[in-house]
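Chemist: Here is my input, please return the structure:
(one chain, ligands or ions: 1)
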Amino acid sequence: MSCLGFHCHKSLLMIIFLAFLGLISFPAEAAIKKYQFDVQVKNVSRLCHAKPIVTVNGRFPGPTIYVREGDRVQVNVTNHVKYNLSIHWHGLKQYRNGWADGPAYITQCPIQSGNSYTYDFNVTGQRGTLWWHAHILWLRATVYGAIVILPKPGTPFPFPQPAREFEILLGEWWNNDVEEVEKQGFKMGLPPNMSDAHTINGKPGPLFPCSEKHTYAIEVEQGKSYLLRIINAALNDELFFAIAGHNLTVVEVDAVYTKPFTTQSILIGPGQTTNVLVQANKVPGRYFMATRTFMDAPIPVDNKTATAILQYKGIPNTVLPSLPQLPAGNNSDFALNYNKKLKSLNSAKYPANVPLKVDRNLFYTIGLGKNSCPTCVNGTRLLASLNNVSFVMPQTALLQAHYFNIKGVFRTDFPERPSTPFNYTGVPLTANLGTSTGTRVGKIAFNSTVELVLQDTNLLTVESHPFHLHGYNFFVVGTGVGNFDPAKDPTKYNLVDPVERNTVGVPTGGWTAIRFRADNPGVWFMHCHLELHTGWGLKTAFVVEDGEGEDQSILPPPKDLPTC
Ligand code: C2O
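Modeler: Down below sits the predicted model:
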């Protein structure tokens with residue numbers, strides 16, 4: 001039937017009108033969303049200092065990737081700076097497509113100065129808040145931004161629709177060049193200087209000198225509700241976040257819906273994201289949002305508070321905001337209780353498919369140590385290890401080596417458990433010289449189910465570690481303080497609605513058990529998301545083999561994949 005007559009015209013107009021009103025929707029077509037990322041140096045001034053920093057498109061934080069579930073995304077990254085670099089899309093699963101994952105020397109060679117690479121990937125089966133960041137050296141200190149994945153058209157959130165949403169990226173600021181800070185630390189064999197300030201959307205807020213104009217603010221209207229997409233982009237600090245006078249209702253973490261619960265403060269580790277609803281139902285005024293470090297081990301940290309402002313419409317800027325009460329910096333109980341409250345939504349539409357039967361049981365100890373370094377300050381260099389293996393970055397990317405079968409780049413004999421069990425959290429444990437170093441990874445059969453227990457140790461010191469696995473979400477089935485007890489602890493696992501995420505805290509002097517199904521073939525990095533510890537070798541990778549099925553093997557690499 002052709003559509004030529006006047007009536008036809010009218011009905012066409014009607015369809016357009018109804019679509020405009022949102023009363024009818026057309027079948028969702030996967031859109032291609034294209035972005036250009038120019039990595040370039042920009043002069044930025046904070047805390048009375050101006051300095052050149054590495055940015056994307058001159059922005060700090062960088063641009064938000066704003067997509068819908070089901071979209072295909074193409075980000076052309078052009079490197080205009082002196083560092084070779086790569087970008088990681090933290091939390092995107094990149095099914096069969098590790099080529100777009102981004103960790104330098106794991107899934108790709110870095111993009112060299114003057115070159116470009118297009119990250120081309122589908123956003124499948126995920127919706128919520130994630131983020132992107134540089135994945136080499138300490139460049140992610142300034143090279144990061146949000147990823148917002150809206151649900152498919154016509155699919156509402158499983159919570160009341162907010163009036164508006166805001167992205168809140170928590171980070172750090174160094175007055176000195178971050179790469180110099182990192183290099184200096186490595187040369188001395190000691191932790192590098194800690195940050196000079198925390199930031200909220202790149203701004204420290206008015207509690208710092210010269211910072212009044214560097215304050216992020218949001219405006220709200222009395223009676224409305226707002227969604228905050230909070231991201232911890234800090235290199236080295238786990239953070240508390242709260243808003244004076246306002247409760248936060250947690251509804252999602254790491255782009256997975258949770259059972260909503262209300263809290264005064266959230267705890268968020270580097271790499272993690274947390275979506276909260278906030279009701280603007282208090283006396284109209286100005287309220288500080290604040291963020292400060294959580295550290296419950298005897299380790300010095302940047303404990304300065306960054307602030308931003310939540311301001312009710314119509315309230316003048318002259319009104320002084322009040323500060324929220326954040327938990328004490330070393331409040332372990334808050335941390336344990338908060339993490340206990342996180343549970344998967346586990347609804348019919350968003351089920352928690354927890355693996356109930358485990359094919360592979362892995363047990364990795366987290367240790368700090370010292371190796372001999374004649375040129376370092378103390379004659380030793382600090383390093384970190386899993387099962388006493390400190391990971392050495394290869395010269396060829398692991399994914400290429402795996403895909404093209406290049407020998408000699410890595411070994412697949414990563415120890416499944418410590419060679420000699422010991423009292424992991426007993427005191428005191430001196431880290432002996434002699435942590436082994438190597439590019440060793442674990443090998444996992446396609447579609448097998450894995451349980452990994454990460455056990456903190458008291459080698460040198462206990463400390464909490466946010467662990468991130470690339471290519472997957474996992475379920476956090478159990479956690480506890482002290483040594484993991486393989487006889488008793490698994491009987492207490494939550495196999496019904498454990499939180500599902502991509503980055504999880506291993507508590508100070510404790511353990512965390514995660515489960516996942518290895519259904520994504522490729523080479524997937526796993527590391528502590530404290531950049532300090534990653535740099536010290538607290539990392540490894542899993543080689544997940546191809547499956548038999550046609551769509552169960554690694555896709556061929558893109559033509560413009562960078563070479564080393
Ligand atoms: Cu957000 Cu391998 O990192």
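Chemist: which bits of the stretch 101-250 of the chain sit near the ligand?
Modeler: Within the stretch 101-250 of the chain, the positions lying close to the ligand (CB under 6 Å from any ligand atom) are 103, 133, 135. In this view, the C-beta of every residue, glycine as well, is placed from N, C-alpha and C.
Chemist: Distance check, the residue of the stretch 51-200 of the chain found nearest the ligand against residue 532.
Modeler: Residue of the stretch 51-200 of the chain nearest the ligand, by CB to the nearest ligand atom: residue 90 (3.7 Å). Residue 90 sits 18 Å away from residue 532, taking CB to CB, to the nearest Å as the criterion.
Chemist: Flag every residue of the chain that's near the ligand.
Modeler: 88, 90, 103, 133, 135, 271, 468, 470, 525, 527, 529.
Chemist: Following element in sequence after the helix or strand harbouring the fourth one, please.
Modeler: This points to residue 133. Under the criterion of DSSP states H and E, residue 133 resides in strand 128-134. Using DSSP H and E, the helix or strand that follows strand 128-134 in sequence is strand 144-150.
Chemist: Which strands or helices does that next one pack on?
Modeler: Applying 3 or more CB pairs under 8 Å, 6 or more residues apart in numbering; DSSP states H and E, one finds that strand 144-150 contacts strand 65-68, strand 128-134, strand 164-173, strand 225-232.
Chemist: To what extent is residue 349 buried, counted in neighbours?
Modeler: Residue 349 sits with 8 neighbouring residues when counted by other CB atoms under 10 Å.
Chemist: How about it: what's its closest non-neighbour residue?
Modeler: Leaving aside its chain neighbours, residue 349 sits nearest to residue 158 (7.2 Å; criterion: CB to CB, 6 or more residues apart in numbering).
Chemist: what's the answer for residue 495, then?
Modeler: Per CB to CB, 6+ apart, closest to residue 495 is residue 354, 5.1 Å.
Chemist: repeat for residue 314
Modeler: Once flanking residues are discounted, residue 314 sits nearest to residue 284: 6.9 Å by CB to CB, 6+ apart.
Chemist: helix or strand for that neighbour, which one?
Modeler: In the assignment (DSSP H and E), residue 284 maps to no helix and no strand.
Chemist: Closest to residue 228 out of the residues of the stretch 101-250 of the chain next to the ligand?
Modeler: residue 133 (19.5 Å; CB to CB).
Chemist: Please name the residues that touch the residue in the stretch 151-300 of the chain that the ligand sits nearest to.
Modeler: Using CB to the nearest ligand atom, the single residue of the stretch 151-300 of the chain nearest to the ligand is residue 271, 4.7 Å away. With contact set as CB atoms under 8 Å, 6 or more residues apart in numbering, residue 271 has these partners: 90, 232, 466, 468, 502-503, 529.
Chemist: Can you say which of those are buried?
Modeler: 90, 232, 466, 468, 502-503, 529 (16 or more other CB atoms under 10 Å).
Chemist: And those residues, which two are furthest apart?
Modeler: Within the buried ones among the contacts of residue 271, 232 and 502 form the most distant pair, 12.6 Å apart (CB to CB).
Chemist: still on that earlier bit, now tabulate the residues of the stretch 101-250 of the chain next to the ligand in JSON lines and tack on neighbour count and pLDDT.
Modeler: Converted to JSON lines, these look like this (neighbours: other CB atoms under 10 Å; pLDDT from 0 to 100):
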{"residue": "103", "neighbour count": "27", "pLDDT": "98"}
{"residue": "133", "neighbour count": "27", "pLDDT": "98"}
{"residue": "135", "neighbour count": "26", "pLDDT": "98"}
